[in-house]
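Predicted structure and sequence below. I'll ask about it afterward.
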Amino acid sequence: MIELHTQQTNQTPGKAVTCVCERLLVWFLMALGITILGCGFGPRSVVQTRLAYNEAVKTTSEEQFLLNIVRLRYTNTPSSLAISNIADQQELASELQAIPFFVPGAIDGFRAQALPQATLTRASRPTLSYTPLDDEDYTQRLFTPISLNGAFYLSRTTWPISTVFRLYLENLNWVSNAETASGPTPRCAPEYVQFLEGIQALQELQDMQLVQLYFDSQEEVVGGPFENPANASEMVLKALDMELDVRHDQSGYWLIKKSSQPMLAIDPQAKEQPAWETFCRCFHLDPQVSALKITSEELAPFPSAESTNKLSVLDLETRSLLQVLFFVSHGIDIPSEHVREGKVPMTCNPDGTPFDWRQVMDGLFRIHCTKSKKRPEQAYVSVFYEGYWYYIDQRDRDTKATFALLLEVSRLELQSSESNAPLLTLPLGRYGQVRR
């Protein structure tokens, strides 16, 4: 309590002045404290919330992606929500007041005093906007196979070429990479042994730096020669619109189309390695070639026997993102309980025994499962589905690398255009209200 004034007092003038100074000092310190707190509130809110939101978005994005892979293994429909906006409104309100009251004093007087009160209120009102990714554009991208340039680009990144080819290729020179696994779980065991053997040999050659992916610049004449055309300037402008070059020599004007052809260069020393022999045998290649042209679906489906072992190209058939997700979903360990109940389709060998998908997914992708009330302690990413926890083991470097590659490519493939789907906005500061 702070004394405002005194009608009768036995204090000396000096003491009265000291008392007033003390009151002013107390009020000043309280006001200063609130002011300083308000000035630092904005920067501190950034420190406290930015990384927290970042971690929350990262974690939930990974969990949603893993959940969709698990759903596909159960032949259920995947679904995704994108966070299109996060708006966090921070509010700080302060109030300083004094409540007067009277206290009996001496016999012939009284004293009026004031009770100071300070109020400080902080509020956070985050608003999250979700975009359902189930529109026509999303579905089209989900079913569209990755382009040849896209597959080639991924192969030149730091991820092993065997990982990229095992994930994104249906076949190579018509050698099957478990093509039947690119959709709902097949009844019969897939063909994969020859492809896997050849890709592992290619990885050995790349590890020894005996093969190298590169672009070969090529030129193709698409028109000409045109001798002294009357509208040469107009022809040049039209050629530019068609992304063509115009060249002039003694015979006239030529229209040239430039392109970059993906190639696989082969070091002469590679032919001394057993891996080169294995690679050529598995994919029907001519072992004497010095470079291989990389194409997409240009080879005939049923090549003649004479040309089967003399190919000088690597002809690829690529997968769509949905096919890739179906493919890796077979790396999930399925509870025996769900197998008995028929919740999950199973694949069988020719003799009727269950097919072990770990033969196809070895060193590429594996999801563990466990039945417990708590999230597995060793989980890197985990989701709860159908009574079980499905998770990536923190120590499984191969699966973590594959999962990271799939997640990043999915962002490029599915979120490159702005969706027209309605937004679901959740103002978290007001529970129970949903604006659509």
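Received, thanks. Residues are numbered from 1 along each chain as shown.

Quick check, pLDDT for the residue nearest to E179 when sequence neighbours are not counted.
Nearest residue to E179 in three dimensions, chain neighbours excluded: E170, at 5.1 Å (C-beta to C-beta, 6 or more residues apart in numbering). Every residue, glycine included, has its C-beta placed from N, CA and C. Reading off the per-residue confidence, E170 sits at a pLDDT of 96.

Show me the strands in this protein, by range?
Per DSSP state E, the chain has strands spanning 2-6, 81-104, 110-132, 169-172, 175-176, 211-226, 245-249, 252-266, 291-296, 313-318, 368-370, 379-385, 388-393, 424-427. These are given in chain order.

now those strands in JSON lines, with distance to V360?
Converted to JSON lines, those look like this (distance: least, C-beta to C-beta, whole Å):
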{"stretch": "strand 2-6", "distance to V360": "80"}
{"stretch": "strand 81-104", "distance to V360": "31"}
{"stretch": "strand 110-132", "distance to V360": "33"}
{"stretch": "strand 169-172", "distance to V360": "13"}
{"stretch": "strand 175-176", "distance to V360": "11"}
{"stretch": "strand 211-226", "distance to V360": "24"}
{"stretch": "strand 245-249", "distance to V360": "47"}
{"stretch": "strand 252-266", "distance to V360": "24"}
{"stretch": "strand 291-296", "distance to V360": "23"}
{"stretch": "strand 313-318", "distance to V360": "17"}
{"stretch": "strand 368-370", "distance to V360": "17"}
{"stretch": "strand 379-385", "distance to V360": "22"}
{"stretch": "strand 388-393", "distance to V360": "18"}
{"stretch": "strand 424-427", "distance to V360": "38"}
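
So which of the ones you listed is nearest Q64?
strand 81-104 (7.3 Å; C-beta to C-beta).

Excluding sequence neighbours, find me the nearest residue to H248.
W254 (7.5 Å).

Let me know how buried the residue nearest to E179 is, in neighbour terms.
21 (other C-beta atoms under 10 Å).

residue contacts, it?
Going by C-beta atoms under 8 Å, 6 or more residues apart in numbering, E170 touches 176-177, 179, 182, 317-319, 323.

Can you give me the domain boundaries for the chain?
As given by automatic domain parsing, the domain ranges for the chain are 2-132, 136-210+267-414.

tell me the most buried of these?
With neighbours defined as mean count of other C-beta atoms under 10 Å, the domains of the chain peak in mean count at domain 136-210+267-414, which reaches a mean of 17.

how near is the closest residue to D286 other than its chain neighbours to V289?
The shortest distance from D286 to any non-neighbouring residue, by C-beta to C-beta, 6+ apart, is to K310 (4.8 Å). Per C-beta to C-beta, to the nearest Å, K310 is found 9 Å from V289.

Low-confidence stretches in this structure?
1-42, 44-45, 90, 92-99, 101-120, 122, 230, 303-309, 414-436 (pLDDT under 70).

show me where it has helices.
13-73, 136-143, 148-155, 161-168, 193-207, 232-241, 274-283, 321-329, 336-341, 358-361, 397-414 (DSSP state H).

Out of the ones you listed, flag the one nearest V381.
helix 13-73 (4.6 Å).

what's in contact with stretch 355-363?
In contact with stretch 355-363 (C-beta under 8 Å, 6+ apart) are residues 178, 181, 189-190, 192, 196, 328, 330-331, 346-349, 366, 398.

which of the residues you listed sit farthest apart?
Checking the contacts of stretch 355-363 with C-beta to C-beta, the most distant pair is C348 and D398, at 26.7 Å.

Tell me the bridge partners for the closest residue to E63 other than its chain neighbours.
In this structure, E63 finds its nearest non-sequential neighbour in V383, 5.3 Å apart by C-beta to C-beta, 6+ apart. Per DSSP bridges, the residues bridged to V383 are Y390.

was I right about V383 contacting L66?
Yes - with contact defined as C-beta atoms under 8 Å, V383 reaches L66; the gap is 5.2 Å.

K373 and E62, how far apart?
For K373, the distance to E62 - C-beta to C-beta - is 22 Å.

right, I mislabeled it, should have said G352
38 Å.

now do G198
Taking C-beta to C-beta, one finds G198 at 32 Å from E62.

shared neighbours of V383 and L66, which are they?
Y390.

now E243, nearest residue through space, not along the chain?
Nearest residue to E243 in three dimensions, chain neighbours excluded: K257, at 7.7 Å (C-beta to C-beta, 6+ apart).

Could you list which residues are in contact with the one you found?
Counting by C-beta under 8 Å, 6+ apart, K257 has contacts 219-222, 243-245.
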